[in-house]
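K.L.:
Show me how the following folds:
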Amino acid sequence: MELWSKGLGKRVLGLSLGERDGTTCTDERLEMRGIMRAPVYWDYEVTLDTDDVVGFLTMLHKPDAVRFLATSEKRGRMLGTALLSAGVFLGRTFRLLVTPSSRAQGRGGTDVGA
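P.N.:
Predicted structure coming up:
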């Protein structure tokens, strides 16, 4: 990802969420921390709430976004990651929904890992 700010002149800053140092999740938001790449090595923090995530996923419905994803040389990697992520999301969501009721009924459900 590249970031640009008028305050930095024509400088473009590189940021890779895949190379983040840490992620914190709360009921309200998802926070990711890391260090930007050259030309500066600044600490960053990206904070997303549920509306941000929904907005990003909705953006992927747009024809330009679909064209970008479909014509990318890394489309296979993106599709594989998307399918794996959807499976993990569904599995963990199911476990979160089932586990509390299991504990309430005394069946000793397990905690869901991060």
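
K.L.:
Pull out the buried residues from the longest helix seen in the chain.
P.N.:
Using DSSP state H, we find that the single longest helix of the chain is helix 75-104. Buried residues in helix 75-104, defined by neighbour count with 16 or more other CB atoms under 10 Å: Thr99. C-beta coordinates here come from the backbone N, C-alpha and C atoms, glycine included.

K.L.:
for stretch 2-15, same thing?
P.N.:
When neighbours are counted by 16+ other CB under 10 Å, the buried residues of stretch 2-15 are found to be Leu13, Leu15.

K.L.:
How about stretch 34-42?
P.N.:
Gly34, Met36.

K.L.:
Numbering from 48 from now on, please.
P.N.:
OK, 48 is where the count begins now, so the last one is stretch 81-89.

K.L.:
Could you pull up the mean pLDDT of it?
P.N.:
When pLDDT is averaged along stretch 81-89, the result is 83.

K.L.:
which residues are in contact with it?
P.N.:
Under the contact criterion CB atoms under 8 Å, 6 or more residues apart in numbering, stretch 81-89 has outside partners 50, 58, 60-64, 66-69, 90-91.

K.L.:
Now the element after the lowest-mean-pLDDT helix or strand in the chain, going C-ward?
P.N.:
When the helices and strands of the chain are compared on mean pLDDT, DSSP states H and E, strand 49-51 comes out lowest with a mean of 79. Using DSSP states H and E, the helix or strand that directly follows strand 49-51 along the chain is strand 59-61.
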